[in-house]
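# I would like to see how this sequence folds:
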Amino acid sequence: MRLFYLFTIIFFFMSCKMDNSGFQNYNKERIDLSGWWIYGEGYHSFMDEETLDEFGLQFLNEDSVEIIDLYLSVTEMEYFPMETKISGYKKSEIFMVDDFEITYIVGCDEQ
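Residues are numbered from 1 along each chain as shown. All right, here's what the predicted structure looks like:
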């Protein structure tokens, strides 16, 4: 009977397929960028100020609702660019954000 349970467990683990498709095609080197973070209609994007490349953003360590609340509380509207420094990993046209810092809000007076 124990042998049956052992084979059942082994079969179960061997039949499980680990899905790592989300992490197979990205640059594993951590990258730091400066540019503009823009949020609108459920989509986060980022434009690098040096190359003017545009990326979709995926926040690895943040809750998606809290990120949207943060963006809207700072900018008070969608599609308002925030100058931001981000760190993370590139995966084709997606940038997976590990850490970020808001450095300036376009249109706000510096005092």
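# run a quick neighbour tally on residue 81.
Look at residue 81: counted by other C-beta atoms under 10 Å, it has 18 neighbours. Glycine gets a C-beta too; all of them are placed from N, C-alpha and C.
# what ranges do the strands span in the chain?
31-40, 43-48, 54-59, 82-91, 94-105 (DSSP state E).
# identify whichever of these lies nearest to residue 69.
Taking C-beta to C-beta, strand 31-40 is the member of these nearest to residue 69, at 10.7 Å.
# mean confidence for that closest one?
Averaged over strand 31-40, pLDDT sits at 95.
# give me the sheet partners of that strand and which way each runs.
Strand 31-40 sits in its sheet next to strand 43-48 (antiparallel), strand 82-91 (antiparallel), going by DSSP bridges.
# still on that earlier bit, residue 72: which of the strands of the chain is closest?
Residue 72 lies closest to strand 31-40 among those, at 7.6 Å (C-beta to C-beta).
# report the backbone C-alpha coordinates of the closest one in CSV.
Taking C-alpha atoms only, strand 31-40 is exported to CSV below (Å, rounded to 0.1, in the frame of the first residue of the first chain):
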residue,chain,number,x,y,z
ILE,A,31,18.9,47.9,-15.3
ASP,A,32,18.4,51.4,-13.9
LEU,A,33,16.4,53.9,-16.1
SER,A,34,15.2,57.5,-15.7
GLY,A,35,12.2,58.8,-17.6
TRP,A,36,8.5,59.3,-17.5
TRP,A,37,5.9,56.9,-16.0
ILE,A,38,2.4,57.3,-17.4
TYR,A,39,-0.7,55.5,-16.4
GLY,A,40,-4.1,55.5,-18.2
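# where does the chain have its least confident helix or strand?
Across the helices and strands of the chain, mean confidence by mean pLDDT, DSSP states H and E is lowest for helix 2-15: a mean of 59.
# okay, the strands paired with strand 31-40 in JSON lines with mean pLDDT and mean neighbour count next?
Supplementary listing: those in JSON lines, determined by pLDDT from 0 to 100; neighbours: other C-beta atoms under 10 Å:
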{"stretch": "strand 43-48", "mean pLDDT": "96", "mean neighbour count": "17"}
{"stretch": "strand 82-91", "mean pLDDT": "94", "mean neighbour count": "18"}
